[in-house]
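Undergrad: please work out how this folds:
(2 chains)
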Amino acid sequence: MTDKAQQLQGDVRPVRRVLRLPRVFSSPFGASALFVARQLLRFALLLVAVSIVAFVLVSVSPIDPVQANVGQAAYLNMSEAKREQLVQYWGSGTPIWERYGAWAQAILHGDWGTSLRFNAPVPDVLAPRLASSLALMTSAWLLSGVLGVVLGIVAAVWRDRWPDRLIKGYCFVLASTPTFWLGLVFLVVFAVWLGWFPLGFSVPIGVSASEVTLAQSIHHLVLPALTLSVVGVANIALHTREKAVDVLQSDYVRQARTRGESTPSIVMRHGLRNLALPALTLQCASISEIFGGSVLVEQVFSYPGLGQAAVTAGLGGDAPLLVAIAVLSAAIVFVGNLAANILYGVIDPRIRTRRSSLRVLRRGELLAEEAGERRPDA
Amino acid sequence: MPELPAPVSQPTAPAPQAAAPVSQPTVPAPQAAAPASPSGAVLHSPLRRRLPNRRLALVLFVVMLSLLAAVVCAGIALAPTATATDFSQKNLSPGLGHLFGTDWMGRDMFARTTAGLATSVLVGLLAAGASACIALVLGMVAALGGKKADGVVLWLVDLVMGIPHILLILLISFALGKGFWGVAVGVALTHWTSLARVVRAEVIQCRQAPYVALARRLGRGPLDVAARHMLPAVLPQFLVGLILLFPHAILHEAAITFLGFGLPPELPAIGSILSEAVTYLSSGMWWLALLPGVALLAAVLLFDRAGACLRSLIDPYRAQE
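TA: Predicted coordinates:
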């Protein structure tokens, strides 16, 4: 063991003494068990906190759910008894903690409650929306990842020449572009002027749900997914560019060049291998942004997904639905971040061999933070 | 970082120059004196004289900030025009009389856009400022308040980052009954996380510095040390972080207003202009959405570049770029 490694061990030891882990955890398997246990605990804690925060926020709102959902005229003409009944239905009379207690108790029994706005069980409301949202987000995620890596590599290969300037300029402009505005522009250009794509929704109007073909769904998905991925490219392209510049200046690439390897071959053999994993990590960490962007994009394209449901629920004061969406989104983001953290250990085995899950987390968080810097509005 | 227009005109072999900028100081003397000499007597002198990097960055920074200030002033001055309706002049496409065209109520879109931009910038400034204060306090508390405080703050950061920003702002704005305060507080409460981390890291680094240890030994209290020795050290990073918060804040404000949870429709704001424009898009009134969006994009880009300039000016790690 080198001096440096010993020094690092020395850094870690006091932490171990405080934790007093049972012997099992010092085996490699035990370490990952500890990691999993800790992540599960974090996950549970986060979900509880998110549900409480969401519940309190929805409950303290001065917006009266009854008045928000019943039209002004209807509300004025309503009998006192009817109003009372509606207040009961929307639960705006009972105190927060009682409602949260009831909600939490029901959740433990697997009951997500009833959406007040849609008048259906929350899972029934969310399941189809989750599916279409996931289709949207996954395609945007893949597209922006691939596009970003390609653009980043192109920029790095032609560093400081016009392709690089063009790509960097594009990224900086896009990083400042409001997602929803870009969606509107796409809508004007591709749907109104060119007429290539439908104006909105995830299925054609006037066709029953069972008759919708896959091609039709994809046709409706293209514009929203394109908007979302075009915006998401900036971050990953800039990061890949930085990394690729490093790789292309490395000794092994120089050696490959002296051997007579062509640039495409160098990029394929030495570049991609080194760049794919960091890019993947970054993409995983950016799931929160993609989710945020999807809220806006879904609203612009009237695409019935989670984001649109959140906006509808918020405008209508539908607490159970809003809380469920908040918890669901937090779970999705958590899984993305966890994947990024684990991948970071895969990229850099030095972290893994140290068996310190804490450190892995720190590095992953740092990376996620860098990632968060570039994409402002999601 | 591409903020500065790169010096394109290098008379001799630009490639090695770009690869190794360090080699420049080897011939320092003739550089300053040489005017543009096309004969190439002095190999390293640029053809065109240009401002030094730092001065250029400073000039750009000042120009950008004054541009933004001008927009705000113009917006406030144009506010009455922005709401004035003229039904004889409705649905006009952009032209000389109305630069950005007019809407379905005959309001001049240029005035509306400028006024909306001013509102957006002001809300963004307010929210970003408040957010930065939260970040400063929490970052300091995390770094100086012991292990437990650190754990709590880091967990809070995790929590806020765990929910997608848009959704959290939407929830907070809803809790406050929407409107101006809803969106301002929402943006302020969600944007502090990364800056708080930066402050925390800086303070932890600073805490181990010899001069801080010395001040402690000399009997200074913790608050005194924080205010006198740590604040000045953290301030540059903090200022840069603050300026870079503006674009985020402005974009989020516009997004939330667009979704209907932000500024009320009677206030001119880019978000509400765009959300109203949605209805008229299918009838071909493209200017209602396109031009206000471009204006917002330009304002955000200005802030972003101004932040980058400031960073290259005062961040010691990037000052050489």
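Undergrad: surely A:Ala288 meets B:Leu168?
TA: For the record, residue A:288 is Ser, not Ala. No. The pair A:Ser288 / B:Leu168 is not scored as a contact, 10.2 Å apart, by CB atoms under 8 Å. C-betas here are computed from N, CA, C, even on glycine.
Undergrad: and the most far-flung residue of chain A relative to its centre, what pLDDT?
TA: Centroid-distance maximum for chain A: A:Ser79 at 45.6 Å, with CA atoms, centre = their mean. Listed pLDDT for A:Ser79 reads 72.
Undergrad: who in the stretch 201-321 of chain B is up against chain A?
TA: When proximity is defined as CB under 8 Å from any CB of the partner chain, the stretch 201-321 of chain B approaches chain A at B:244, B:247-248, B:251-252, B:254-255, B:258-261, B:274, B:277-278, B:281-282, B:284, B:286, B:289-290, B:293, B:296-297, B:300-301, B:304-305.
Undergrad: mark which of these are buried, thanks.
TA: By neighbour count, with 16 or more other CB atoms under 10 Å in any protein chain shown, these hold B:244, B:247-248, B:251-252, B:254-255, B:258-261, B:274, B:277-278, B:281, B:286, B:289-290, B:293, B:296-297, B:300-301, B:304-305 as buried.
Undergrad: what segments of the stretch 201-321 of chain B are helices?
TA: Assigned by DSSP state H, counting those that start in this stretch, the stretch 201-321 of chain B shows helices spanning B:210-217, B:222-225, B:231-259, B:270-281, B:287-314.
Undergrad: the ones you listed: which one's closest to A:Gly345?
TA: Of all these, helix B:231-259 sits nearest to A:Gly345, with 28.5 Å by CB to CB.
Undergrad: average pLDDT across that closest one?
TA: Mean pLDDT, helix B:231-259: 85.
Undergrad: taking helix B:287-314 as reference, get the angle to that helix.
TA: Going by axes from the mean of the first three to the mean of the last three CA atoms, to 10 degrees, helix B:231-259 is angled at 170 degrees with respect to helix B:287-314.
Undergrad: what helix or strand is residue 168 on?
TA: Let's take chain A. helix A:162-175 (DSSP states H and E).
Undergrad: oops, wrong one, chain B.
TA: Using DSSP H and E, the element containing B:Leu168 is helix B:165-175.
Undergrad: against which helices or strands is the helix or strand that that helix is followed by packed?
TA: Note on helix B:165-175: by DSSP H and E, the next helix or strand toward the C-terminus is helix B:179-190. Contacts defined by 3 or more CB pairs under 8 Å, 6 or more residues apart in numbering or on different chains; DSSP states H and E place helix B:179-190 against helix B:109-144, helix B:165-175, helix B:231-259.
Undergrad: what are the buried residues along the next helix or strand along the chain from the first one?
TA: So the one you mean is helix B:109-144. Once the chain leaves helix B:109-144, the next helix or strand it forms, by DSSP H and E, is helix B:146-162. Burial within helix B:146-162, assessed by neighbour count using 16+ other CB under 10 Å, is assigned to B:Asp150, B:Val153, B:Leu154, B:Leu156, B:Val157, B:Asp158, B:Leu159, B:Val160, B:Met161, B:Gly162.
Undergrad: redo those residues as CSV? Include distance to A:Ala155 and pLDDT.
TA: Below are these laid out as CSV (distance: CB to CB, whole Å; pLDDT from 0 to 100):
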residue, distance to A:Ala155, pLDDT
B:Asp150, 39, 88
B:Val153, 37, 90
B:Leu154, 35, 88
B:Leu156, 37, 89
B:Val157, 32, 89
B:Asp158, 33, 84
B:Leu159, 36, 88
B:Val160, 33, 88
B:Met161, 29, 85
B:Gly162, 32, 84
